[in-house]
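Enquirer: Please work out how this folds:
(one chain, ligands or ions: 1)
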Amino acid sequence: MIDPRLLEKKNVAYEEHDPSYGAVYIYEAKLASIRSKYQKIEVLQTKNHGKILLIDDFMMLTEDSEFIYHEMMVHVPLASHPLAKRILVIGGGDGGVVRELLKYPRLQRIVLVEIDEEVIKICRQFFPEMSCSLSDPRVEVIIGDGVEYVRDAKEGFDVLIIDSTDPFGVAELLISPEFYQACRTLLAEEGLLMQQVASPFFTPDIFVKAFHNMRKAFSFASPVLVPAPFYVSSDWSLGLASGSDRFFKKEIPEGYWNPIPGLKYYNPDVHRASFALPNFVQELWDRSLQSPEFAR
Ligand code: SAM
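Expert: Predicted coordinates:
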């Protein structure tokens, strides 16, 4: 029986996470709704959280909270790797990750590989404060599959950020052993990989599979926990990995990083805390080392 209060509301979007749990977004206007070659893309105007971007009914970002996820995706690796100059971003068509990257004058080249050009077009129209970053002269936008790009890449990078949708459909191979091996090849020995790995609570199998395959390619890896308010259950995991421990930093020493002015979430204390694992996540992490069934 649906609560009559919900039925009274006119514009309601439902995000189902499992047969027993979902999220409801109540919006004032649907600003865009298109179906691209790959996915359904919608932009809703809400009263309390600004505009929100949904892909296949899943929340990608809200204007008022996107800073949390995007700052952690970028400043954890960039604060750890002071020599990084060349960055590859897979996905990230909304421009939020690139906006944070551009806060580092030392970066010389940012390549963004986004499979769905319609996402970029919609975000240019409705989220200009993020997507304007894609027009920066240091940025090259390539429309294509990140799996293929990494496999065929002819140039190396210092940091690889995988800001994709959850690993289903077009994103499924972004947690495959072959993909991580290709990432390892493309990154300099001391390079860093940073990837969004979804919710350890709601999708533990994805968590275990991603880290099982990541750890096969990278000697150093760890979950990085981020409370992303609108991602299911808000206990969201990123993953940091490297072939070397030189820039694989779970803690940023005093004076090691020149703080970027104006950040609203990231700081060295938050960096350190994001590597602390609750027991149930530690158990999933331990399982990721032993799960041969994910070896395929
Ligand atoms: N922050 C969001 C999250 O955590 O779910 C992701 C935001 S961004 C909009 C996700 C992007 O990944 C989408 O635009 C999607 O088209 C892109 N994507 C998914 N699979 C991809 C692939 N194989 N290669 C390149 N881009 C991909």
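Enquirer: Flag every buried residue along the least confident helix or strand in the chain by mean pLDDT.
Expert: In the chain, no helix or strand scores lower on mean pLDDT, DSSP states H and E than helix 4-8, which sits at a mean of 82. Of all the residues in helix 4-8, not one is buried under the rule 16 or more other C-beta atoms under 10 Å. In short, each C-beta sits where N, CA and C put it, glycine included.
Enquirer: Show me the shaky parts of the stretch 151-296 of the chain.
Expert: 291-296 (pLDDT under 70).
Enquirer: In three-state terms, label residue 84 for me.
Expert: coil (DSSP: H, G, I helix; E, B strand; the rest coil).
Enquirer: Now for it: which residues touch it?
Expert: By C-beta atoms under 8 Å, 6 or more residues apart in numbering, residue 84 lies in contact with 77, 78, 104, 106, 107, 158, 159, 191, 192, 247.
Enquirer: try 6 Å
Expert: Residue 84 makes contact with 158, 159, according to C-beta atoms under 6 Å, 6 or more residues apart in numbering.
Enquirer: The one 4 residues further on now?
Expert: Residues in contact with residue 88, defined by C-beta under 6 Å, 6+ apart, are 111, 157, 160.
Enquirer: I'd like those residues written out as CSV, with distance to the ligand and neighbour count added.
Expert: Formatted as CSV, those follow (distance: C-beta to the nearest ligand atom, whole Å; neighbours: other C-beta atoms under 10 Å):
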residue, distance to the ligand, neighbour count
111, 12, 19
157, 15, 24
160, 12, 25
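Enquirer: Report the beta-bridge partner residues of the residue of the chain found nearest the ligand.
Expert: Closest contact between the chain and the ligand, by C-beta to the nearest ligand atom, is at residue 91 (2.8 Å). Per DSSP bridges, the residues bridged to residue 91 are residue 163.
Enquirer: Around the ligand, pick out the residues from the stretch 101-250 of the chain.
Expert: 113-116, 119, 145-147, 163-165, 170-171, 174, 196 (C-beta under 6 Å from any ligand atom).
Enquirer: Give me the subset of the residues you listed lying in strands.
Expert: 113, 114, 163, 196 (DSSP state E).
Enquirer: from these, which is closest to residue 208?
Expert: Using C-beta to C-beta, residue 196 comes nearest to residue 208 of those, at 15.6 Å.
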